[in-house]
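In: here is the input, now give the coordinates:
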Amino acid sequence: MALDPPSDGIRRMFAEIARPYDRMNHLLSMGIDRHWRRRTVRLVPPNGCGPILDVCTGTGDLALAYWRKHGVRVVGADFCHPMLTIGLKKCRKARAERSITLLEADARQLPFPDDLFQIVCVAFGLRNVNNTIEGLREMVRVCRPGGRVAVLDFTLPRSWFLRKLYGLYFHRILPRIGQFLARNSQKAYTYLPASVGRFPQYEALAEQMRAVGLKHVEFHNFTFGVATLYVGEK
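Out: This is a model prediction of the structure:
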């Protein structure tokens, strides 16, 4: 699905689905997205009390997962104001507003100095950044030496059979359910499978992470390869 200009179109799309966004994610993933975030905060734990940055935070689910598990200070950044508004309400409800700061910012131009965060993470958001390398490079810039960059996103299963089943659900069933329930004009749930298909996966994304200066890059498949966590060290 073409969005032109890309960043403005994607921002409008997410603004339109901000209200049902969490409910739709949990419904369409059958709740497994929560498990993926919990595994992420376990596999990439903080080391000390330095802050963590959650890029493309959306409504703050990964930021909240880090806070709940480790009690650390987290900054969440996103370029969609309606998403952040919902995220702020969730932080207040969880009584986490003193530990989690949400701010509006473009992932390609983060308003932070170099070498600030011990972990810079993103969940299901890097593929929405116009230029993957630019997004990764900016994440690395604000990560402190010895810190880690973590990327969690959808992937296509490597098994031929599972890929066929996944493709049927992702391209035919999910868009219809999502479109019916969310009723947004930008066809967000048609955009979703298209964006996953275009996004670099497995070794391709790992190589891009190495290209921006990360070392010891590894990736972990979740749920038969439906999602993958990539981790690299600065």
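In: helices along the protein, start to end?
Out: 6-16, 21-28, 32-43, 61-70, 81-93, 132-142, 160-168, 174-182, 188-198, 203-211 (DSSP state H).
In: least confident of these, on average?
Out: When the helices of the chain are compared by mean pLDDT, helix 174-182 comes last with a mean of 71.
In: look up how far Gly167 lies from the residue of the chain most remote from its centre.
Out: Computed with C-alpha atoms, centre = their mean, the residue of the chain farthest from its C-alpha average is Phe161, at 26.5 Å. Distance of Phe161 to Gly167, given as C-beta to C-beta, to the nearest Å: 11 Å. Where C-beta positions appear, they are placed from N, C-alpha and C, glycine not excepted.
In: please apply the same query to Leu110.
Out: Counting by C-beta to C-beta - Leu110 and Gly167 are separated by 34 Å.
In: neighbour count winner among the two?
Out: Neighbour count, other C-beta atoms under 10 Å: between Leu110 and Gly167, Leu110 has more, with 21 against 14.
In: can you report phi and psi for that one?
Out: Main-chain torsions, Leu110, degrees, to the nearest 10: phi -70, psi 130.
In: residue numbering should commence at 48 henceforth.
Out: Yep, numbering from 48; the last one is Leu157 now.
In: give me the buried positions along stretch 253-269.
Out: Ala253, Gln255, Met256, Val259, Leu261, Val264, Phe266, Phe269 (16 or more other C-beta atoms under 10 Å).
In: distance of the first one from Ala141?
Out: Spelled out, that is Ala253. On the measure of C-beta to C-beta, Ala253 and Ala141 end up 33 Å apart.
In: and the last one, by the same measure?
Out: Relative to Ala141, Phe269 is positioned 24 Å away (criterion: C-beta to C-beta).
In: list the beta-bridge partners for the most centrally placed residue in the chain.
Out: For the chain, the residue nearest the mean C-alpha position is Ala170 (2.0 Å; C-alpha atoms, centre = their mean). Per DSSP bridges, the residues bridged to Ala170 are Leu199.
In: ok, now which ones touch it?
Out: Taking C-beta atoms under 8 Å, 6 or more residues apart in numbering, we find Ala170 in contact with Trp83, Arg84, Thr87, Asp101, Cys103, Asp108, Leu109, Leu199, Asp200.
In: who wins for most neighbours among the residues you listed?
Out: Busiest of the contacts of Ala170 [other C-beta under 10 Å] is Asp101, holding 30 neighbours.
In: rewinding a little: now for the contacts of Ala170: which two are most distant?
Out: By the measure C-beta to C-beta, these have their two most distant members at Trp83 and Cys103, which lie 15.1 Å apart.
In: skip the chain neighbours and tell me the closest residue to Thr132.
Out: Nearest residue to Thr132, sequence neighbours excluded (C-beta to C-beta, 6 or more residues apart in numbering): Ala65, at 7.5 Å.
In: tell me how far Ile180 lies from Val121.
Out: On the measure of C-beta to C-beta, Ile180 and Val121 end up 25 Å apart.
In: which one of these two has more residues nearby?
Out: Counted by other C-beta under 10 Å, Ile180 and Val121 do not tie: Val121 has more neighbours, with 27 against 13.
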